[in-house]
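# I'd like to go over a predicted model; first the sequence, then the structure.
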Amino acid sequence: MFSSHRTRSNLRVFGGSSHPQLTSAVAKKVGVRVGLTKLAKFANQETQVELKENVRGQDTYILQTGGGESPNDSLMELLFLINACKLSAAGEITVITPYYPYSKGDQKAGHRVPIASKLVADMIHKAGATYIMMLDPHTPQLEGFFNGPVDALLVEPLFCDWIRHMIPNWEQCVVVSPDEGAVKKSVSVANDLNLDFALIHNRLKASREEIRPKRYASYQGHFSNQLMIGRPIRSRMASNESEEANDDDPQNDVGICIKERIRQPSSSKSDAGIGCLSGSVNGRHVIMIDDMLDTGKTLRFAMEVLEREGAASVHFLATHGLFSAGCVDVVKSYDQDFLKAVVVTNSIPQDEVKKLLPSLHIIDVAGLIAEFVRRHHYRESVSVLSQFMPIRDEHQPDLVPERLASLRLAEGQVSGLIPDEGTSSAFEPSDALEDPIDEDTQGEQLADRQLMKIRKGFRLSSVCWD
């Protein structure tokens, strides 16, 4: 059993080849150097991994993201790094995957397909991982695929901070979800900033011409006789000939079982579906939130709907920027006066995309990950990193002034962290401490949510150990 005494000297940070810049930035903010490893390929292109320093009994963190240029190689490299640490008697192994590999394979998309995300989770656990941390999982069920603890951090606080500082007159904007899958994230941002919300959803078209009788050839045998009681039994050939000859004859009811609604394949894009908007964006500036920007199909569809509905401009924010399958061309196809900005985090390397899209905005998540490492190493709560931080309408009175006064007296007077009058930023430079609302009272009333403005904060952009 290893010692429970934890200092910075018994912490190790390793990284794979998928995102060395992020690994270096996290290690620098944490206050340690990146662990020495040998990452190479054998002559037959198999992955080679070797640790070049001692990890016995150390609290070990391995940072490897998916979605890069070689996601399969990155995954194998991650598994080998985990197993190398396990076989080297590392104390605890925490895997940090800013973008979880194979995130979209979280359910069966057909009858004969694997659930890839679950399989990857099993391999990571089998390799020897103790804890898992990821940023903005594609779907909530990803957390349930693991047999151990999982921390899924959200980047909504970083999005809100960027919006407040980079979008002029953001108070007049409306937050839009591009599809049903991004509703929860979009609503969180809208509630945090006290903005209006709208939803884009896809509805398939259906017309009366699509309703036609479905005919089945009669079958001989006991099962067929039960279905066709009171009707003449014909051979398969005779039934098919009769159906072909009299398909349009309304009097011919041989083999007609039921009438079904059958959707015919659409020959045009407009026939395939139509975007419906729940909410109003006419003449307003839009902030669109999603978890990833992959092929750009969702973005294109949402932009067509917003243009049709009369939106003034669009800022698109996504956590993970994969930019695959011509997504860069999709972004370039829109006028910068309408698509004002595309914002992603550096959970995936964006160096090459930045060269193609100079207007791309990148939010750094190194501070968020470094603060997670610090809190996890010292066994502090990490829930505060993704805590909901609504902004109160200063024109409205406090819903529970007694509660606010007691919190200011009990928390602010001791720590000296009470914001000045009129301050609305949730990112106050201070020591990383717990939420002032204790566990017994959290979630009791919506009014308590309004008090998180005065919570003890921290700098996500530059975490310091000193």
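Received, thanks. Numbering: from 1, shown residues only.
# Quick check: pLDDT value at His395.
Looking at His395, its pLDDT reads 44.
# go on, Ile437?
At Ile437, pLDDT is 47.
# Mind checking what helix or strand follows the helix or strand hosting Met303 in sequence?
Using DSSP states H and E, Met303 maps to helix 297-308. The element immediately downstream of helix 297-308 (helix or strand, assigned by DSSP H and E) is strand 313-321.
# Between helix 297-308 and that next one, find me the angle.
170 degrees (axes from the mean of the first three to the mean of the last three CA atoms, to 10 degrees).
# what's next to strand 313-321, contact-wise?
By CB atoms under 8 Å, 6 or more residues apart in numbering, the surrounding residues in contact with strand 313-321 are 67, 98-99, 135-136, 155, 159, 162-163, 167, 173, 285-293, 299, 303, 306, 337-345, 347-348, 350, 353, 360. For every residue, glycine as well, the C-beta is placed using N, CA and C.
# are any of those buried, and which?
Listed as buried from the contacts of strand 313-321 are 67, 98-99, 135-136, 155, 159, 162-163, 167, 173, 285-293, 299, 303, 306, 339-345, 347-348, 350, 353, 360; burial here means 16 or more other CB atoms under 10 Å.
# picking that back up, so which of the contacts of strand 313-321 are in strands?
135, 285-293, 339-345 (DSSP state E).
# Where does the prediction get shaky in the stretch 251-400 of the chain?
251-273, 387-400 (pLDDT under 70).
# CA atoms of stretch 107-118 as CSV?
Listed in CSV are the C-alpha atoms of stretch 107-118, where the atom choice follows Å, rounded to 0.1, in the frame of the first residue of the first chain:
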residue,chain,number,x,y,z
GLN,A,107,-25.0,3.4,-29.5
LYS,A,108,-25.9,0.8,-32.2
ALA,A,109,-26.5,2.6,-35.5
GLY,A,110,-27.7,-0.6,-37.1
HIS,A,111,-28.3,-4.3,-36.4
ARG,A,112,-24.7,-5.4,-37.1
VAL,A,113,-22.5,-2.7,-35.7
PRO,A,114,-20.4,-2.4,-32.6
ILE,A,115,-20.8,0.0,-29.7
ALA,A,116,-17.3,1.4,-30.2
SER,A,117,-17.3,3.8,-27.2
LYS,A,118,-18.0,1.0,-24.8
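# buried set for it?
So for stretch 107-118, counting by 16+ other CB under 10 Å, buried means 115-118.
# Any chance of a markdown table for the residues you listed, columns pLDDT and secondary structure?
A markdown table is the format used below for those (pLDDT from 0 to 100; DSSP: H, G, I helix; E, B strand; the rest coil):
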| residue | pLDDT | secondary structure |
| --- | --- | --- |
| Ile115 | 90 | coil |
| Ala116 | 90 | helix |
| Ser117 | 90 | helix |
| Lys118 | 91 | helix |
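# Would you mind giving the residues you listed as TSV with distance to Phe323 added?
Below are these laid out as TSV (distance: CB to CB, whole Å):
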residue	distance to Phe323
Ile115	26
Ala116	21
Ser117	21
Lys118	26
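# residues in contact with Tyr99?
So Tyr99 contacts 65-67, 134-135, 292, 320, 322, 347-348 (CB under 8 Å, 6+ apart).
# for those, which one is nearest Phe372?
Leu135 (9.6 Å; CB to CB).
# Quick one: residues contacting the closest one.
By CB under 8 Å, 6+ apart, the neighbours of Leu135 are 98-99, 152-155, 319-320, 345, 347, 365, 368-369.
# So for Ala182, what's the pLDDT?
91.
# That one touches Asp291, doesn't it?
Yes: the criterion here is CB atoms under 8 Å, and Ala182 meets it with Asp291 at 6.2 Å.
# re the thing from before, out of the contacts of Leu135, list just those in helices.
Among those, the residues falling in helices (DSSP state H) are 368-369.
# could I get the contacts of Leu135 as TSV with distance to Glu50?
Conversion of the contacts of Leu135 to TSV gives the following (distance: CB to CB, whole Å):
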residue	distance to Glu50
Pro98	24
Tyr99	25
Ala152	31
Leu153	30
Leu154	35
Val155	34
Thr319	33
His320	30
Thr345	31
Ser347	27
Val365	28
Leu368	30
Ile369	25
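# Perfect, I'm done here.
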